[in-house]
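Visitor: can you look at this prediction? I've put the sequence above it.
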Amino acid sequence: MTPFPRALPRPTAGGTISVSGVVPACEHLFNPTVFRSSTGLVSLFRGVSADGVRRVFRCGLAEDFRPTEPPADWTAELAARGEAPPWVADPRTFSFQGRRFVTFNTGHSRRPNDLFVAEVDEAGRPTAAPIAAHLTTGRRMIEKNWGFFPCGDQLFAIYALDPLLILACTFDGDRLICEPAWRHDWLADHLRAAFGPLHGGTCPMTIGERLVTVFQSRWRAADGFEYAGNMLELQPEPPFAPLSVGPWPLFTLDEREREIQPSRRLNSRVAHCLYPAGLIAGPGDGRLSITYGINDAACGYRSYDAADVLARLVPLTRIAGVRTLHTLPSASASASPTAPASRSAAVRTFHWRPRAALFGTPAELASGRFMFGNVGDSLQRHLTAALFGMRTLHAEHAEPGTTPRLLGAGSIAHRARGGDVIWGSGFKDQPLSLTSAEKAAIEVRAVRGPLTAEYLARNGVAVPPDVSFFDPGLLVAEILPDEIAACRRSSASPSGLLLVPHYKDTAVWLDRFAAAGHRLRTVDCDLYVMLREILAAELVVSSSLHGIILAEALGVPALLMRPPATEPFAKFEDYYLGTGRTAFPVIDDPGEAARVRPAEPAKPPQDWRRSVPTIHDLESGGFTVPILALDAPISCPAGMAQGLVEIGRFAGGRFDIRATLAGPGAARLVFSIEGDLLQDVALSTETATLTFDGRLLEERGGLVLLTATPAGGNALRILLTPEFPADERSAAAGGGAVSGPALS
C-alpha cells in the first residue's frame, strides 16, 4: 500500500438501515437500493433465506433512513402480478417518462441468467408482471447490474464500464430491447491494477447538473476479496462520454462496518464488502446519499456534501473518441459531435514498472510498496493514447527484430532493444548490451537532453545531429489540453509548498517534512492526481525529476531538492541542459525554498511534433498490435503474428476457446498477459479446446496477447470461437443460444 493516505470524502451522516433480524429465516439482508417518492424514501434490498434462495424485500424509510414500516416480501408481490422467477436478486431503481421501475436479475440460478424490469408504484409495489431485458448482440452467461437511466424521452443503460458501453433501450410489448449504442475506450489501467476490475453498482443519477454512477471494484487482500465503491461522471447527453473518475475508491468500509460479519459467509472468498446499490440526491440541498451492502450481512447508508465528493473526481484520458455502434432514430441529430473512431489496436510501449520497489527501506516503511506505479514513467500511457488514439500494450521484454516498442518518458534509454524507437527518453549510465546490428536498428527521434544523446552515441546508437531535446512530461499541457483545463477548474487556488519526493526519499520525507505541516504527494499516483496537487501549489520542491518536469509543464515554479545518493545526478543535469539552462539551484531542505529563486519554468520546443511517429510509421513498423474479435478468423502469415484478444468480458466463470486451423498446416499458439504465460498449445489440423478462467482474466486486465507461429513457415488462418463448457450450457434454463463476445 502507498504510505500516503488516500483522501476520502467525509460523510455528514451514516449508519446501518435497521432491517436486519426482522425478516424471518433471513440472516443476510443487504445491497439496498433507494428512491424518493411522494410518500418518502423507499428501499428495496436483497435477502437470502436458509435454503439459499435470493429474494427481494421492500420498506419505507424516513429521511434519516430509519424504517417507517416492517419489510414486505417484494418477490411475493411480484409473483402475484404474473409469472416471475423464484430467485430475484440485485434490485436497482430508475425512472422513465414519469414512471418508476425496478430492475433485477436471476443471479446464478440460471445459465444464462435473466435480467428484468418491473414497473412499481410510489411505495415500490409491483404494478405489472416483469419484462425481460433482451440484448440484441448476445451476452455472457451471468450478467448483473445494467445501469438504466433516462435522457429526454429515451432510455439508455450502462452495460459495462471499462470500456464504457452504452445501450439504447426500447420497450416492445413484453420485452425491453437493448441495442449497443456507443463504446468509449478510456484509460482505467491505474484503477484496475490497484483495485481490480470495474463493475456496475448504481443506476446513473443526475446530481446537480452532473450525471454520475457509483460503481464497485474488487481486489485480492491477504484474507480474501475486498469490495469498495467509486464514482464515474458521464457527459449528461448522448453519447455519454466518460469525463472523470475517483482516483481511488472513494467509498470504503469503516472499522465498525468491517466487524459486521454473518455467522455463515455466502462467499468464503469475500473478506470485506461495500457494495454500492443506491444513489439519490439529498436529503437537503447540495447533498447526495448512497446505500450499500455491508459484508453480505447488513444494509448501510451515507450522506455526503455533493460538492465535496464531486470535487475529488479527476479527469480521465479517453482514447480517440467514441465508436458508434447503433444510430438512434431521433437522438442522433442532437448527439454531440464526436472525435474520429478509435483504432482497434494497441501501441506496444515500454516504461519502468516498479513491481518490487519500496518507498525507502523495509525498516523505514514496511508496507511501502507501489500501488499505482511511478507517475513519471506511467504518464506515457496517457500521452500515447491521446497522440495516437490507441490503447497501450506494455511490453516488458522485446524480441529483437520482431517486437519493436516505443520508449517515451523515463530514464529508460538503456533498456532499448533492436527495432525500438526512442522518443524523449533519458539515460542512466548503464551499458547498452546489444550487438552492433541491434544498436543500428534503434531509431532515435527525441531524447531528454544532450547527455542522453552523448550516451547513445558513445554506445554505438546513431543519433541525428538535429535530434529534439525534451522530456515527454513537458508536453502534457499541449497533448492533454482539455484534461489539464479540467484539472485547473477543480483544483484549489494555488497556495503554499508541495513536496514531491523521489520514491526512495518518501519514508524520510514523510518523517522529517510532512510532520512539519508541509503538503506531500508521493509519486505513486495517477497522472491527474499529481497534476491537480501541483496546480494547487505556489511552489513545488521535488527530488523526483518528473515532479520538476510536470510542475514546469504547468507553469508552476519548482526547485530541485538534492536527490537520493543512489540516483544519478546526471539525469537532472540532462533535463536542464536539454531545456537550455546550464545552471539551476539545488537545495537540501524545504526551509531553503523561501531564500532561493527557482529557475524559470521550461517550455517544450515549438517543433516537437516533427519528432512524433505517425500512425503509418507505427503500423508499418510493427509497433501496433491489432485487437481481434474472438469469432473472426486470424490471418497468420509465414512467420510470427500477434494479436490482442479481448476476452475479459467472459467474467462470469469458466469458458473455452475452440481454435481451428482453416487450412492444412500446424501452429504454436501462446496466450499471455504482459509476458505471463496462460496457455502454450501446439495446434495441428485438429481442433484444440483451451479452457480459461474469465474471473482471473478480468482481474489481470482482460486483454490477452495471442502469439501464433506457423510450423515450417506455412501461412495459415486460425479460427477462434468462444464456447461455454457443456456442463454450464446444459444447465441453462430457457436461456437461448450462447453467442459470441458481447459488443465486440
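Guide: Thanks, I have the structure now.
Visitor: give me the pLDDT value at residue 307.
Guide: With respect to pLDDT, residue 307 scores 96.
Visitor: swap that for residue 709, please
Guide: For residue 709, the model assigns a pLDDT of 84.
Visitor: likewise for residue 157?
Guide: At residue 157, the model reports a pLDDT of 98.
Visitor: that one: neighbour count?
Guide: Applying other Cβ atoms under 10 Å, we find 26 other residues in the vicinity of residue 157. In short, each C-beta sits where N, CA and C put it, glycine included.
Visitor: mind checking the SS state of it?
Guide: strand (DSSP: H, G, I helix; E, B strand; the rest coil).
Visitor: got the contact list for it?
Guide: 146-149, 166-167, 169, 178 (Cβ atoms under 8 Å, 6 or more residues apart in numbering).
Visitor: those in helices, which ones?
Guide: If you go by DSSP state H, the contacts of residue 157 have nothing in helices.
Visitor: which one of the residues you listed is nearest to residue 245?
Guide: Among the contacts of residue 157, residue 147 lies closest to residue 245 (Cβ to Cβ), at 14.8 Å.
Visitor: need the nearest residue in space to the closest one, chain neighbours excluded.
Guide: Sequence neighbours aside, residue 158 is the residue nearest to residue 147 in space, at 3.8 Å (criterion: Cβ to Cβ, 6 or more residues apart in numbering).
Visitor: coming back round to it: keep only those of the contacts of residue 157 that are in strands.
Guide: Mapping the contacts of residue 157 onto strands (DSSP state E) picks out 147-149, 166-167, 169, 178.
Visitor: would you point out the most distant pair within those?
Guide: 149 and 178 (12.8 Å).
Visitor: okay, the contacts of residue 157 in a markdown table with neighbour count next?
Guide: Below are the contacts of residue 157 laid out as a markdown table (neighbours: other Cβ atoms under 10 Å):
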| residue | neighbour count |
| --- | --- |
| 146 | 26 |
| 147 | 27 |
| 148 | 24 |
| 149 | 23 |
| 166 | 25 |
| 167 | 27 |
| 169 | 23 |
| 178 | 23 |
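Visitor: farthest pair in those residues?
Guide: 149 and 178 (12.8 Å).
Visitor: beta-bridge partners for the residue nearest to residue 147, please?
Guide: residue 147, residue 166 (DSSP bridges).
Visitor: tell me how this protein divides into domains.
Guide: If you go by automatic domain parsing, the domain ranges for the chain are 13-316, 345-465, 474-608, 629-730.
Visitor: which of those sits closest to residue 322?
Guide: domain 13-316 (4.9 Å).
Visitor: just the endpoints, please. Distance across the closest one?
Guide: End-to-end span of domain 13-316 (Cα to Cα, to the nearest Å): 30 Å.
Visitor: the residue with the shortest distance to the centre of the chain: what's its closest spatial neighbour, skipping adjacent residues?
Guide: With distances taken as Cα atoms, centre = their mean, residue 188 lies nearest the centre of the chain, 2.2 Å away. Ranked by Cβ to Cβ, 6+ apart and with sequence neighbours excluded, the top spatial neighbour of residue 188 is residue 162, at 4.4 Å.
Visitor: got the contact list for that neighbour?
Guide: Contacts of residue 162 were listed using Cβ under 8 Å, 6+ apart, and they are 186, 188, 192, 197-198.
Visitor: turn those into TSV, columns for pLDDT.
Guide: As requested, the contacts of residue 162 are exported to TSV (pLDDT from 0 to 100):
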residue	pLDDT
186	93
188	90
192	87
197	87
198	92
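Visitor: name the nearest of these relative to residue 707.
Guide: Of all those, residue 192 has the smallest distance to residue 707: 22.8 Å, by Cβ to Cβ.
Visitor: looks to me like that closest one is in a helix.
Guide: Yes - applying three-state DSSP, one finds residue 192 inside a helix.
Visitor: that one against residue 218, yeah?
Guide: No - between residue 192 and residue 218 there is no contact under Cβ atoms under 8 Å: 10.7 Å.
Visitor: which residues of the stretch 351-500 of the chain fall in strands?
Guide: In the stretch 351-500 of the chain, the strands defined using DSSP state E, counting those that start in this stretch lie at 391-394, 406-407, 421-425, 443-447, 468-469, 497-500.
Visitor: nearest to residue 131, out of these?
Guide: Residue 131 lies closest, by Cβ to Cβ, to one member of the strands of the stretch 351-500 of the chain: strand 391-394, at 36.6 Å.
Visitor: distance between that closest one and the chain's centre?
Guide: For strand 391-394, the distance from its own C-alpha centre to the chain's C-alpha centre is 13 Å (Cα atoms, centre = their mean, to the nearest Å).
Visitor: mind listing the strands that strand pairs with, and their directions?
Guide: strand 345-350 (parallel).
Visitor: so which bits of the strand it pairs with are buried?
Guide: Residues of strand 345-350 classed as buried: 345-350 (neighbour count, 16 or more other Cβ atoms under 10 Å).
Visitor: if you count neighbours, what's buried in the host helix or strand of residue 299?
Guide: Assigned by DSSP states H and E, residue 299 falls within strand 298-305. The neighbour-count check on strand 298-305 (16+ other Cβ under 10 Å) flags 298-305 as buried.
Visitor: which residue sits farthest out from the middle of this protein?
Guide: For the chain, the largest distance from the centre (Cα atoms, centre = their mean) belongs to residue 595, which lies 42.6 Å off.
Visitor: any idea which element the closest residue to residue 99 other than its chain neighbours lies in?
Guide: Leaving out its chain neighbours, the residue that sits closest to residue 99 by Cβ to Cβ, 6+ apart is residue 119, at 5.8 Å. Per DSSP H and E, residue 119 falls inside strand 115-120.
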